[in-house]
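Q: make a model of this:
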Amino acid sequence: MVSLSSEAQKAMAGAVSLSTPDSKSDASSGKPDLSGFEAIVAAKTQLAKEESAYASKLDSIVRSTFDVPKDSAWMVSGAGFAVLNKLAASHDLQRPKIPQILADAGVKDFSAEEMDSKGGVIGFTVTAAHAANRGSHMEVVFDRTSAVAPDQMRLLALKKDDPSNQSLLNKMQGGELSRFIDTTADLQAGSGTSLFMVTDNASGEKARIAGVIRSTGLDDVAPSSGLAVLKRITELMS
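A: Numbers count the residues shown, from 1 in each chain. Next up is the predicted model:
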């Protein structure tokens with residue numbers, strides 16, 4: 001099962017509103033000429049089949065790359081779409097292109113703009129029906145411009161009232177990652193959420209932020225597995 005963000009759902013499923021030319025009447029029969037609409041529907045159906053096959057292959061690649069078990073779901077947002085493209089290309093997999101007839105009818109690639117984002121997310125959720133921690137999830141939020149090498153990455157557990165973390169929190173809140181991380185809500189007592197910042201230095205104003213690992217119910221595995229995912233993302237995007 002793949003769980004996608006709202007942006008991903010639009011991009012992978014091709015959810016669109018089609019606009020078609022006004023129907024014309026057949027002069028001989030007096031009936032509306034629907035050939036243009038039928039051609040658009042046929043193209044949309046074919047594209048949906050191609051995208052479904054692509055998504056299935058991509059799902060397998062994502063799971064093997066990031067060690068995602070079959071009983072868990074994954075999602076992407078922002079520059080996460082660029083990561084998917086990199087992964088697909090590395091396996092000679094190309095996402096189906098939108099036919100011109102659909103482009104003319106208003107079909108758009110909703111992930112195209114997201115791919116240029118400096119920040120992104122790859123998230124994972126436990127979906128197994130028998131799992132005691134079903135619904136627990138982890139998001140790996142990354143800054144593709146940070147230039148922090150994988151062997152430089154260090155983890156730091158963030159605490160709301162720890163003054164030693166404040167400079168890093170201020171830097172994160174003013175950067176690309178603030179779109180995906182709400183530190184006020186996540187660090188609030190009783191939120192059930194833990195944040196682990198990844199930098200090239202555990203503390204200090206000069207530290208560069210590579211990303212943040214957000215965990216809800218997965219604190220036993222999120223720091224190590226999230227860091228491994230972030231390192232792999234950095235390798236892919238370099």
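
Q: which stretches of this structure form helices?
A: 6-13, 35-66, 80-90, 100-104, 112-115, 166-173, 183-186, 222-237 (DSSP state H).

Q: in the protein, which residue is closest to the centre?
A: Val76 (1.3 Å; CA atoms, centre = their mean).

Q: that one bridge partners, please.
A: Beta bridges link Val76 to Ile122, judged by DSSP bridges.

Q: I'd guessed it sits against Met115; true?
A: No: between Val76 and Met115 there is no contact under CB atoms under 8 Å: 10.3 Å. For the C-beta atoms, the positions are set from N, CA and C on the backbone; glycine is no exception.

Q: tell me the spacing between the residue lying closest to Val68 once chain neighbours are set aside and Asp59.
A: The shortest distance from Val68 to any residue other than its chain neighbours is 5.4 Å, reached at Trp74 (CB to CB, 6 or more residues apart in numbering). Per CB to CB, to the nearest Å, Trp74 is found 8 Å from Asp59.

Q: and these two? which has more neighbours close in?
A: Trp74 (19 against 16; other CB atoms under 10 Å).

Q: show me what contacts the more buried one?
A: Trp74 makes contact with 2-3, 59, 62-63, 66, 68, 122-125, according to CB atoms under 8 Å, 6 or more residues apart in numbering.

Q: rerun that using 6 Å as the cut-off
A: By CB atoms under 6 Å, 6 or more residues apart in numbering, Trp74 lies in contact with 62, 68, 124.

Q: min pLDDT across these, which one?
A: Least confident entry in the contacts of Trp74, by pLDDT: Val68, with 94.

Q: and it, how many residues sit next to it?
A: Around Val68 there are 19 residues (other CB under 10 Å).

Q: same check on Glu235?
A: Neighbourhood size, Glu235 [other CB under 10 Å]: 11.

Q: what of Asp186?
A: Around Asp186 there are 18 residues (other CB under 10 Å).
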